[in-house]
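Undergrad: Have a look; sequence and predicted model below, questions after that.
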Amino acid sequence: MVHDSSWSNKLFQVCNYSFLILLSLLCVVPLVHVLAMSFSSSTEVEAGLVGLWPVDFTTDAYAFVLRKSEFLDSILVTLERLAIGVPLNLLLVTLLAYPLSKEVKVFPLRTYFAWFVVFTMLFNGGLIPTYMVVKETKLLDSIWSLILPGAIPVFHVVLLLNFFRGIPKELEEAAHMDGAGHWVTLFRIYLPLSAPVFATIGLFAMVGHWNAWFDGMIYMNHPDHYPLQTYLRTIIIDQDLTVLGAEDAIRQFENINPRTTRAAQVFLGSLPVLLAYPFLQKYFMKGIVLGSVKG
Amino acid sequence: MKRRNMRTLLMASACVILALTSACSGNSGEAGSPSDRTGASNETKVPNNVDPAGKYEPPITVTMARDMPDNLTFPSGDSIENNIFTRSYRDELGINLKYDWITDSTQYNEKLNIAITSGELPDIFNVSPVQLKELAEADQLADLTEVYEKYASPLAAEKFKEDGGIGLKSATFDGKLMALPYVTAAIDGATMLWVRKDWLDNLKLPEPKTIDDVVEIARAFATKDPDGNNKNDTIGLATGQKIFGGGGGLLGFFNGFHVYPNAWIPEGEGGPLVNGLIQPETKQALAKLQEMYKEGLIDSEFTTKTGVGPDVIAGKVGMFYGTMSNPLNPLLQSKEKNPKAEWQYYPIASVDDKPAKPQISYTPPTYYVVNKNAENPEALMKLMNFFIEKNFGETADYTYMYDGPHRTHQYAPVRNFGVTKNVDNWRLIKEVTASGDVSKLNPEQKGYYDDIKKFEGGDLSKWSIADIFGQEGSLSLIDKYVSNDMMLVDGFYGLPTANMVEKNGPLNDMALETFTKIILGDSLDNFDKFVANWNKLGGEAITKDVNEWAATQK
C-alpha cells in the first residue's frame, strides 16, 4: 500500500478505522453482554440491570451448567461429530479434488465428473427427499445422519481443486519420473504443499459441524442425541407461556431456565470456535485467496 | 462434437435422477403406510371388550410421537420411555407405548410437519389446529366418534364438557369427531390489573375502579416519586411491545373500553359475528392511550421491550395488566429484590358504568389424533381415561401428578385437566381453611395449603403460592369473574380457515404496527384507514368465513 499523507487520505483513514472499530464493537458487545450475564446473579439479570460488566458476581450458573447432563451429553455428541466428520470431510474432499484438478488429457471424463459435482451445488432434492434418503438408508437417529449427508462440501472441493492446479506441474512430472504413482504424488507432494488451504477447509468444516443445528433437529429422534447447537436452540427459544394449559400455568414458572444459565451455556458453546479462530486465521486468508486467484 | 456429448450426458443424468426420485417416493409411500404392515381396514374395528378401563389381552403396541417439555426431570432410573405412566399403561391397560420419535417441545411442530409430508405418521400424536384441519381434510385420521361414545369414561366426558363442549365441537368435521381436544384452562388467562399497593398508600390514592382512576394513578406513579428515592425513574403503566397480549400487554386496557381485539363478538344482540379489533370503541381506547403516552404515563420505551418483567423486578413499575399466575413471575422476583414491594390485583377497570369483561378463548391449543391406519383407535381414549382417572377420579394417586420435585403428569403423552382445575382447588382450599378438615384435600391441594401455612408462618419464598391460592389470592378474582359471568368468550372456536392461515399473520402485524404508531403519536384518523385496509386485505373474507362457520353451529 502506498502511504499517502495528504489530508484527504488521513480523513479516509480516520473514517475507515472508526467504521471498522464500530463494526467490531457490534460483534463483540453482544458477546461481552452474554458473558456478563452469565457471571451475574439471577435477580439482577431478570431485572435487566446487567450491561457489560457482571453485577453481583457469581459463578453459580457455570457450576449448574457443568453438572447439567443434557448440556454435557450434547457436547459429547458434537465432539464425536467433529472427530469423525472433519477428517472424513477432508479425506473425501481431497480424493475428489485431486483427480478433478487434472487436465482432460490425463483424465478424459474430467469435465463430466466436474459437472456432476457442480450440479449438486446448484440443485438439491429439498428437505423432504433428503430426509427420505436418510431414513431409508437407516441413518436416522445415528451420528452418521449428521456426517454423511454433508460429507462432501462441493465448495471445499472447488477451493482445493483450484489450489492443486496452482501447484507447478513440473513437481508432479518429476515425481512421476521418479516412479511415484498418483497416490504417492497426492499424499507426498500435493498434501504437504497445501497446508494453508487445508487449514482453511478444515476450519470451515469444523465451524460448519460445530454450528449445525437443523440436521440434528430433523434426523435425531431423541433429545439425548442432539448435538450442542440443537440443544442450545431448545433452551434459548422462549417457551410461549400463554399457550400452556392449567397444568403448567402454576408450577411451570419454577422450571424455566434462568437467563444466567442460558447465557453460560451459550458462552461455553461458542468458546471452542472463539479459541480456534485466531490460530487458524492466518492460513485462512491465504487459503481462500490462493484457491480463488490461481483457478 | 464435444458439446453434444455433454448435452446428451446431462440429459441422461437428468433422466436417471428423475427415475431415481420417482422410484424413491413411490417406494417410500408403500413402505411408509402402516396399512401394509398391519392390514388394518379404515373402519373402526369392533374391539373385543368395551370397558373404558379394560386391559388388552394380549397387550398391544401403540406408536406415538412426543414433544418433551422443557427441563423435565425424572426419578433416578426413569426416562421418558420408562416411567410411572408407561409402566402403568403396560400393566393396567395392556398398552405398550413406543415412541417413533421424541423431540423438544420447541421443535415438535417442524418435526411433525416433516413426518406428515413424508407420510411417516405414528398411531397417536398431537397436532396444532392447522395441522388437524389439513390431516382431517386429507383423510389421514381415524374417525373417533364411535370411540368417544363407547369408551369415554363418565369422568372424562365431564372434563371434556367443562368448556361447554367447545373443544369437542371444534374437532368435529361433518358430524365426525376427528380428534380429542386438549381442553384449555382459558379462564386462568383472564386479565387483571396488578398495582403496587405500597405506592398507592404512599401517595394516598384510591383503588382503580374506572379507566379515569387508572390514568390518575399512572400519572401519580409517573410524576410523584412513589418510591421516594428522589429520582424520576418510575413508570405509570407498563406494557411490552406486544400490546395485544394478556400478560404484560394492554389487552386488559382495551377490554376496559369493551374492545376485544381479535375476538369474534356478535354485532348487537344475536347479530353477525364481527372482529373486536375494528369497532368504533377501539378508536376511543387508542385516543386515551395516545394521550397517556404523550403525557409520559406509559413507558416511553415500550416498543423495545418484550415484556414488563425486567422493569417490574427492578422496581420501576407501578401498574401493569397481567394474569393470575403473575405472583410466580415476575412478582416473586420483585419481592426478592425489594421485600417492601406490595402487589395487589384488581379487576380490570371499565371506562363507563358497565363492568369490564376480560376476553378469553376456549379454542384448544392442541389436539390428540389417531392415524387412520392405526389398529386400535380406542387406545387413545383409554390413555385419556387413565390419565383423568389417576388425577381426578376415585382412585386418584398424587404420584401421577407430582413425585417430589418431578412433574410426573408431564410424562403422560395424553393429558387433560379441564377448565376449572385451579379455581376448584382454590375453592376447596378456602372451604378447608374455614372448616379445618384437611382430609378433603388431595395431595396437590394439600401442597398449596401447606405452602400457604408456611407463608403465614413467615416463609417468604412461599409468597407466590399464597398470593394465588390463598383466600385473598389472585384466583379469588378468577372465581369472581366466573361466578358473575364476567368474561367475554370468543364467539369463534372453529379451526382456522384457509383465509385465516394465509392472512391472519399479515393482518395482525398491520394491526400491531398501526396501533403502536397511533399510541406513539400518529394521527388517530389512521385507524379509519386501518379498518378499510383490514377489510380489504382479507378481514372481510375472514369475517365471511367466521359467519359461515357460525351458521353451521346453530
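TA: Alright, I've got the coordinates.
Undergrad: And the helix or strand residue A:87 falls within, what's buried?
TA: Assigned by DSSP states H and E, residue A:87 falls within helix A:69-100. Under the neighbour-count criterion of 16 or more other CB atoms under 10 Å in any protein chain shown, helix A:69-100 has A:70-71, A:73-75, A:77-78, A:81-82, A:84-86, A:88-90, A:93-94, A:96-100 buried. C-betas here are computed from N, CA, C, even on glycine.
Undergrad: CA atoms of the helix or strand following that helix as PDB?
TA: Downstream of helix A:69-100, the next assigned helix or strand under DSSP H and E is helix A:110-122. Written as PDB, here are the backbone C-alpha positions of helix A:110-122 (Å, rounded to 0.1, in the frame of the first residue of the first chain):
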ATOM      1  CA  ARG A 110     -13.000 -35.000 -16.000                       C
ATOM      2  CA  THR A 111     -15.500 -32.500 -17.400                       C
ATOM      3  CA  TYR A 112     -18.400 -34.800 -16.900                       C
ATOM      4  CA  PHE A 113     -17.500 -35.500 -13.300                       C
ATOM      5  CA  ALA A 114     -16.900 -31.900 -12.700                       C
ATOM      6  CA  TRP A 115     -20.400 -31.000 -13.900                       C
ATOM      7  CA  PHE A 116     -21.800 -33.800 -11.900                       C
ATOM      8  CA  VAL A 117     -20.300 -32.400  -8.800                       C
ATOM      9  CA  VAL A 118     -21.100 -28.800  -9.500                       C
ATOM     10  CA  PHE A 119     -24.700 -29.800 -10.300                       C
ATOM     11  CA  THR A 120     -25.200 -30.800  -6.700                       C
ATOM     12  CA  MET A 121     -24.000 -27.400  -5.600                       C
ATOM     13  CA  LEU A 122     -26.800 -25.700  -7.600                       C
END
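Undergrad: Outline the domain layout of chain B.
TA: Per the record, chain B has its domains at B:60-186+B:363-411, B:191-357+B:496-552, B:421-488, by automatic domain parsing.
Undergrad: Can you lay out these as CSV showing mean pLDDT?
TA: Output for these, formatted as CSV (pLDDT from 0 to 100):
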stretch, mean pLDDT
domain B:60-186+B:363-411, 90
domain B:191-357+B:496-552, 93
domain B:421-488, 91
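Undergrad: For residue A:214, which of those is the nearest?
TA: Proximity to residue A:214, assessed across these by CB to CB, is greatest for domain B:60-186+B:363-411 (9.0 Å).
Undergrad: is chain A contacted by the closest one?
TA: Yes. Counting by CB under 8 Å from any CB of the partner chain, chain A is contacted by domain B:60-186+B:363-411 at B:68-71, B:99-107, B:110-111, B:114, B:117-118, B:120, B:182-185, B:365, B:407, B:409-410.
Undergrad: In PyMOL, how would I select the buried members of these?
TA: To isolate the buried ones among these in PyMOL, judged by 16+ other CB under 10 Å, type:
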select buried, chain B and resi 68+69+70+71+99+101+102+103+104+105+106+107+111+114+118+120+182+183+184+185+365+407+409+410
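Undergrad: wait, doesn't residue A:160 sit right on residue A:193?
TA: No. With contact defined as CB atoms under 8 Å, residue A:160 does not reach residue A:193; the gap is 11.9 Å.
Undergrad: packing partners for the lengthiest helix in chain A?
TA: Looking across chain A with DSSP state H, the single longest helix is helix A:259-293. For helix A:259-293, the packing partners by 3 or more CB pairs under 8 Å, 6 or more residues apart in numbering or on different chains; DSSP states H and E come out as helix A:7-38, helix A:42-46, helix A:60-65, helix A:154-166, helix A:195-211, helix A:228-236.
Undergrad: Might you calculate how far the helix holding residue A:87 sits from the centre of the chain?
TA: The chain centre lies 11 Å from the centre of helix A:69-100; the measure is CA atoms, centre = their mean, to the nearest Å.
Undergrad: separation between residue B:545 and residue A:156?
TA: Counting by CB to CB, to the nearest Å, the gap from residue B:545 to residue A:156 is 51 Å.
Undergrad: And those two? Which one has more around it.
TA: Shown here are residue B:545 and residue A:156; by other CB atoms under 10 Å in any protein chain shown, residue A:156 has more neighbours (25 against 18).
Undergrad: Just want the residue of the stretch 1-150 of chain A that's nearest chain B.
TA: residue A:48 (3.2 Å; CB to the nearest CB).
Undergrad: helix, strand or coil for that residue?
TA: Secondary structure for residue A:48, judged by DSSP: H, G, I helix; E, B strand; the rest coil, is coil.
Undergrad: From what I see, it and residue B:310 are in contact.
TA: Yes. Between residue A:48 and residue B:310 there is a contact at 3.2 Å, judged by CB under 8 Å.
Undergrad: so how far is residue B:270 from the most centrally placed residue in chain B?
TA: With the centre of chain B defined as its mean C-alpha position, the nearest residue by CA atoms, centre = their mean is residue B:365, 5.4 Å away. Distance, residue B:365 to residue B:270, by CB to CB: 29 Å.
Undergrad: For the nearest residue to residue A:41 once chain neighbours are set aside, list the residues it contacts.
TA: Closest residue in space to residue A:41, ignoring its immediate chain neighbours: residue A:56 at 3.8 Å, by CB to CB, 6 or more residues apart in numbering or on different chains. Residues near residue A:56 by CB atoms under 8 Å, 6 or more residues apart in numbering or on different chains: A:40, A:41, A:43, A:44.
Undergrad: if I've got this straight, residue A:56 is in a strand?
TA: No. Going by three-state DSSP, the assignment for residue A:56 is coil, not a strand.
Undergrad: Please report phi then psi for it.
TA: Here is the backbone geometry of residue A:56 (degrees, to the nearest 10): phi 60, psi 60.
Undergrad: now do residue B:249
TA: Torsion angles, degrees, to the nearest 10, at residue B:249: phi -120, psi -160.
Undergrad: sorry, back to before: could the helices and strands packed on helix A:259-293 be laid out in TSV, adding distance to residue B:200 and mean pLDDT?
TA: Rendered in TSV, the data for those read as follows (distance: least, CB to CB, whole Å; pLDDT from 0 to 100):
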stretch	distance to residue B:200	mean pLDDT
helix A:7-38	33	92
helix A:42-46	24	81
helix A:60-65	36	83
helix A:154-166	64	89
helix A:195-211	51	88
helix A:228-236	38	84
